[in-house]
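Visitor: model the structure of this input:
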Amino acid sequence: MTKQPDNWLDDVPDNEEEDEEIIWVSKSEIKRDAEELKRLGGELVELGKNSLEKIPLDKNLRAAIELAQKIKKEGRRRQMQLIGKMLRSRDERPIRTALDKLRNRYNQQAALFHKLEVLRDRLVEQGDDMIPEVLNLYPNADRQQLRAIIRNAQKKEKATNKSPKAYRQIFKYLRELA
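Guide: Numbers count the residues shown, from 1 in each chain. Next up is the predicted model:
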């Protein structure tokens with residue numbers, strides 16, 4: 001074995017790239033990231049065809065997701081791993097953004113439906129007294145049509161416990177206005 005001179009480091013060229021700080025990532029962090037991408041893939045697999053079309057996916061990833069939607073049990077688990085692996089080599093931010101938009105639209109729709117249900121129930125309970133408030137909310141509402149549907153709901157269905165046809169009509173009319 002030959003002994004190196006004390007100044008052997010002087011012979012190594014100074015490279016700015018070597019001076020940059022190296023960021024070490026633990027195995028656990030890599031595994032957590034992989035699991036998170038696999039979960040993202042799972043969310044994509046659970047989407048319907050129309051929702052999936054709104055997500056920016058390349059052809060290969062879309063095909064893998066559509067295949068996973070058809071597969072059951074162990075094959076699906078392996079396909080999910082493949083989707084997670086495919087997501088590692090892609091920028092997942094646009095996918096997450098589109099998925100968040102889909103979720104938000106669903107939440108807004110659910111909130112609107114709840115608001116309309118409450119409004120319908122108040123219309124049936126309070127009757128004509130509630131109509132000015134509805135006209136305030138929806139100026140293009142037809143007062144006569146609204147009164148007729150409310151009267152049907154109050155007289156026929158509430159009094160005789162028939163099927164809630166007029167309830168559905170009120171809700172449908174309010175949804176059209178909204």
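Visitor: which SS class is Arg90?
Guide: At Arg90 the chain is in coil, as set by DSSP: H, G, I helix; E, B strand; the rest coil.
Visitor: no, scratch that, I was asking about Pro56
Guide: Here Pro56 is recorded as coil under three-state DSSP.
Visitor: ok, for it, nearest residue in space, not its chain neighbours?
Guide: Of all residues not flanking Pro56 in the chain, Pro94 sits nearest, at 4.9 Å (Cβ to Cβ, 6 or more residues apart in numbering). Every C-beta, even on glycine, is put in place using the N, C-alpha and C of the backbone.
Visitor: so Tyr138 makes contact with Glu176?
Guide: No - when contacts are counted by Cβ atoms under 8 Å, Tyr138 is not listed as touching Glu176 (9.4 Å).
Visitor: the two - which one has more neighbours?
Guide: Tyr138 (16 against 10; other Cβ atoms under 10 Å).
Visitor: the more buried one and Leu174, how far apart?
Guide: To Leu174, Tyr138 is 8 Å away according to Cβ to Cβ, to the nearest Å.
Visitor: so Leu82 sits against Leu67, correct?
Guide: No - using Cβ under 8 Å, Leu82 makes no contact with Leu67, being 9.1 Å away.
Visitor: name the surrounding residues that touch the host helix or strand of Gln144.
Guide: Assigning secondary structure by DSSP states H and E places Gln144 in helix 143-152. Residues from elsewhere that reach helix 143-152 (Cβ atoms under 8 Å, 6 or more residues apart in numbering): Leu123, Val124, Gly127, Asp128, Ile131, Val134, Leu135, Lys165, Ala166, Gln169, Ile170, Tyr173.
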